[in-house]
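> my questions concern the predicted model and sequence given below.
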Amino acid sequence: MSTDLGSVAHFYAVLEYVRTERAKLADMEAKARDEIQNAMGDNEIGTIEGREVVRWCRTTRRAVDVTYLKQAYPDIASACTRTTEIRAFRLVVPE
C-alpha cells in the first residue's frame, strides 16, 4: 500500500535537508575529533588556556562474541535468540 504525501511534502523536504546537513556535520565532527586526538597523543586530558575541555580516557568493555557463541554452542545460541519485527523508515533516493 502507499500514501500520497503531497500534504506533507514540505516535511519531506525538511527531512532530506536535515539528513544531508547532519551527514556533513558528522564528517566535520570526525575530522575535528581526529585532530584533537592526534594532538593529545597518550594524554587523557586536553586543555585550552589552562581550562580542561576534553577527556579521552581508556575504558574496558565486555561483550558476548556472538559469532563464537554460535559456532561453539549453537544450541545455546539458538535457545537465546529471539526474533523481533521492526518497521524501518528510509528515504528513497531517486535514480
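It's in. Numbers count the residues shown, from 1 in each chain.

> now do the contacts for residue 80.
If a contact means C-beta atoms under 8 Å, 6 or more residues apart in numbering, then residue 80 has no contacts. Quick note: C-beta positions are derived from backbone N, CA and C, even for glycine.

> gap between it and residue 48?
With distances taken as C-beta to C-beta, to the nearest Å, residue 80 is found 48 Å from residue 48.

> what's the strand or helix carrying residue 31 packed up against?
Assigned by DSSP states H and E, residue 31 belongs to helix 9-40. With contacts defined as 3 or more C-beta pairs under 8 Å, 6 or more residues apart in numbering; DSSP states H and E, the packing partners of helix 9-40 are strand 45-48.

> gap between the strand it packs on and the chain center?
Between the centre of strand 45-48 and the centre of its host chain there is 26 Å, according to C-alpha atoms, centre = their mean, to the nearest Å.

> put the alpha carbons of it into PDB.
Written as PDB, here are the backbone C-alpha positions of strand 45-48 (Å, rounded to 0.1, in the frame of the first residue of the first chain):
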ATOM      1  CA  ILE A  45      43.100  15.500  29.500                       C
ATOM      2  CA  GLY A  46      43.100  18.300  27.000                       C
ATOM      3  CA  THR A  47      43.200  21.900  28.000                       C
ATOM      4  CA  ILE A  48      42.800  25.300  26.400                       C
END
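
> mind listing what that strand pairs with, with the direction of each?
Using DSSP bridges, the strands paired with strand 45-48 are strand 51-55 (antiparallel).

> quick one: average pLDDT of the partner strand?
Averaged across strand 51-55, pLDDT comes to 97.

> and for stretch 82-91?
94.

> who's in contact with it?
Taking C-beta under 8 Å, 6+ apart as the rule, stretch 82-91 contacts 12, 15-16, 19.

> stretch 17-33 too?
Residues from elsewhere that reach stretch 17-33, judged by C-beta under 8 Å, 6+ apart: residue 91.

> buried ones in it?
Residues of stretch 17-33 include none that count as buried (16 or more other C-beta atoms under 10 Å).
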